[in-house]
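J.: have a look at this prediction, sequence included:
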Amino acid sequence: MQGSEGSRRGLGPISMIRMTFLTVIALMMGLSVGVSKQEFTKKEGKPCTFCHPAGKFKELTEAGKYYKEHNYSLEGYQEGEKK
């Protein structure tokens, strides 16, 4: 019966630390993505869909590619510009 007692104890301290660490990392990654979108929108005065196709926020439009390749600046960008 001793073997079953160990399984009823729950998670050990190392497992709890590991789970907490992974949760914190996941939350930080999620928050940084959301904040950067808001920062770019405020900075440039453009909606998210200027740089991302509607509903596909992991993809970039031509403007989004330009913005990323030019150190996060739209300076010099002309709408309709292709590479």
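T.: Great, that's in hand.

J.: all helices for this protein, in order.
T.: 2-8, 13-44, 62-69 (DSSP state H).

J.: which of the ones you listed comes out lowest on mean pLDDT?
T.: With a mean of 50, helix 2-8 has the lowest mean pLDDT of the helices of the chain.

J.: how about stretch 74-83: buried residues?
T.: Leu74 (16 or more other C-beta atoms under 10 Å). All C-beta spots, glycine's among them, are computed from the backbone N, C-alpha and C.

J.: for it, what is the average pLDDT?
T.: The average pLDDT within stretch 74-83 is 79.

J.: distance from that stretch to the middle of the chain?
T.: Mean-position distance between stretch 74-83 and its chain equals 25 Å (C-alpha atoms, centre = their mean, to the nearest Å).

J.: stretch 63-79 too?
T.: For stretch 63-79, the distance to the chain centre is 20 Å (C-alpha atoms, centre = their mean).

J.: with stretch 43-58 instead?
T.: Centroid separation for stretch 43-58 versus its chain: 14 Å, with C-alpha atoms, centre = their mean.

J.: kindly export that stretch (C-alpha atoms) in CSV.
T.: Extracted in CSV, the C-alpha atoms of stretch 43-58 (Å, rounded to 0.1, in the frame of the first residue of the first chain):
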residue,chain,number,x,y,z
LYS,A,43,2.4,55.1,-32.7
GLU,A,44,1.3,55.0,-36.4
GLY,A,45,-2.3,56.0,-36.1
LYS,A,46,-3.3,53.1,-38.3
PRO,A,47,-5.7,50.2,-37.6
CYS,A,48,-4.3,46.7,-37.2
THR,A,49,-5.6,45.8,-40.6
PHE,A,50,-3.3,48.3,-42.2
CYS,A,51,-0.4,45.8,-41.6
HIS,A,52,-2.3,42.6,-41.1
PRO,A,53,-5.1,41.0,-43.3
ALA,A,54,-8.4,41.0,-41.4
GLY,A,55,-8.7,37.9,-39.2
LYS,A,56,-5.1,36.7,-40.0
PHE,A,57,-3.0,38.7,-37.6
LYS,A,58,0.0,36.4,-37.9
